[in-house]
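Asker: A structural model of the following input is requested.
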Amino acid sequence: MSELVREIVELSAFVGGDEESPLLTVEAEGLAPTAGWAKVRLEPHVHVTPPEDGYQDFDLVGDRPSDPAAETPAPVEAVWEGPLEEWVVGVRVHAIDNMIEDEIFEFDDEDEDEGEDEGEGEGEAEAA
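Answerer: Model prediction:
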């Protein structure tokens, strides 16, 4: 049975593919409560209607080891890739102790510098 990992440590979301078929890639690193977790993955939340804030939510989950393991947090990571929905402006990844958000699009203002990278960035941790 899948469970949320303990904590999200880092998040990166970016758009690839081409204009006709853009792909959203989400990469997350976290900490599981013990070593030996298997099938660690990002599971997207299913939205019947797009959320007002434009953020696609994901859970970082995995399968706890069946054998006893040391109660020492262990690093885990997962990648999710899928079609980019028109309404998505960012992603939010949830764990037991926190969540991290990352904007995939930084909307341009005419006064901003044009040299900034768009679509990539490290998320900031927030308490759940």
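
Asker: go ahead and flag the most central residue of this structure.
Answerer: In the chain, the C-alpha nearest the mean C-alpha coordinate belongs to V93, at 4.1 Å (C-alpha atoms, centre = their mean).

Asker: next up, the contacts around that residue.
Answerer: Neighbouring residues of V93 by C-beta atoms under 8 Å, 6 or more residues apart in numbering: 8, 11, 26, 28, 42, 57-60, 99-101, 123. For every residue, glycine as well, the C-beta is placed using N, CA and C.

Asker: find the helix or strand that V40 is a member of.
Answerer: Assigned by DSSP states H and E, V40 belongs to strand 38-44.

Asker: who does the closest residue to R41 other than its chain neighbours bridge with?
Answerer: Closest residue to R41 apart from its sequence neighbours, by C-beta to C-beta, 6 or more residues apart in numbering: A78 at 4.9 Å. With DSSP bridges applied, A78 shows beta-bridge pairing to A28.

Asker: ok, the one 5 residues further on next?
Answerer: In this structure, P83 bridges to L23 when assessed by DSSP bridges.

Asker: list the contacts for it?
Answerer: Residues in contact with P83 (C-beta under 8 Å, 6+ apart) are 21-24.

Asker: isn't I104 right up against G90?
Answerer: Yes - counting by C-beta atoms under 8 Å, I104 does reach G90; the two are 5.6 Å apart.

Asker: out of the two, which sits in the busier spot?
Answerer: Taking neighbours as other C-beta atoms under 10 Å, I104 and G90 compare with I104 leading, 23 against 17.

Asker: list the contacts of W80.
Answerer: Residues near W80 by C-beta under 8 Å, 6+ apart: 25-26, 41-42, 44, 58.

Asker: got it, and R41?
Answerer: Here R41 is in contact with 60-62, 78, 80 (C-beta under 8 Å, 6+ apart).

Asker: quick one: low-confidence ranges for this structure?
Answerer: 105-128 (pLDDT under 70).

Asker: neighbour-wise, which of the contacts of R41 leads?
Answerer: Top of those by neighbour number is L60, holding 31 neighbours under the definition other C-beta under 10 Å.
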